[in-house]
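*Asks:* Here is a sequence together with a model predicted from it:
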Amino acid sequence: MPGLRRRRNILYAILAAALLAVFVASLQAFNSATSPPDKPLSELLTALEQKQVASGTFDSTDERVDWTDNHGQRARTFYPTGYEAVLVDKFQEDHVRFGARSSGSNLWLMVVLPNVILILVIGGFMWYVLRRYGGKPAPTT
């Protein structure tokens, strides 16, 4: 029986290491996505008027535009609700390249991965408890 217990302990150590590795990898991926500095809307409008904006990407779910000036500096500007059409018109008037994207790519990191980790932890605990105490008869007194 000591060999079986040792193999089980090794299995638990491997499962714990894998869970820790998944947690660290998801945390690093979440922290590595650095966002550009926030700039006020007035600064974006001034840069557009002075022809200093090289390109932009609109994200309507977060109501923001990530833009790059002529010097390669990246910035992020949040705009009020309903102001996106005005900004798109200004980008078109100044012949600035722009695109659009959806923020759905973080769905895995924000929703699915924490739930999978929680299910693995709860499932591992239940498996451990059932394996440890499930087969033993109740003690007689």
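*Replies:* Nice, I can see it.
*Asks:* who touches the particular helix or strand that has residue 85 in it?
*Replies:* Using DSSP states H and E, the element containing residue 85 is helix 84-93. Applying Cβ atoms under 8 Å, 6 or more residues apart in numbering, the contact partners of helix 84-93 are 44, 45, 48, 53, 56, 58, 60, 63, 65, 79, 98. In this view, the C-beta of every residue, glycine as well, is placed from N, C-alpha and C.
*Asks:* and those residues, which of them are in helices?
*Replies:* 44, 45, 48 (DSSP state H).
*Asks:* For the first one, give me its contacts.
*Replies:* The contact partners of residue 44, taken as Cβ under 8 Å, 6+ apart, are 53, 65, 67, 75, 77, 87.
*Asks:* List the neighbours of stretch 8-27 that are in contact with it.
*Replies:* 109, 113, 117, 120, 121, 124, 128.
*Asks:* for the helix or strand hosting residue 122, packing partners?
*Replies:* Per DSSP H and E: residue 122 is located in helix 113-133. The helices and strands touching helix 113-133, judged by 3 or more Cβ pairs under 8 Å, 6 or more residues apart in numbering; DSSP states H and E, are helix 2-32.
*Asks:* Now tell me which helix or strand of this structure has the poorest mean pLDDT.
*Replies:* helix 107 (a mean of 61; mean pLDDT, DSSP states H and E).
*Asks:* re the thing from before, let's see if you can find the most crowded of the contacts of stretch 8-27.
*Replies:* Neighbour counts for the contacts of stretch 8-27 (other Cβ atoms under 10 Å) peak at residue 113, which has 17 neighbours.
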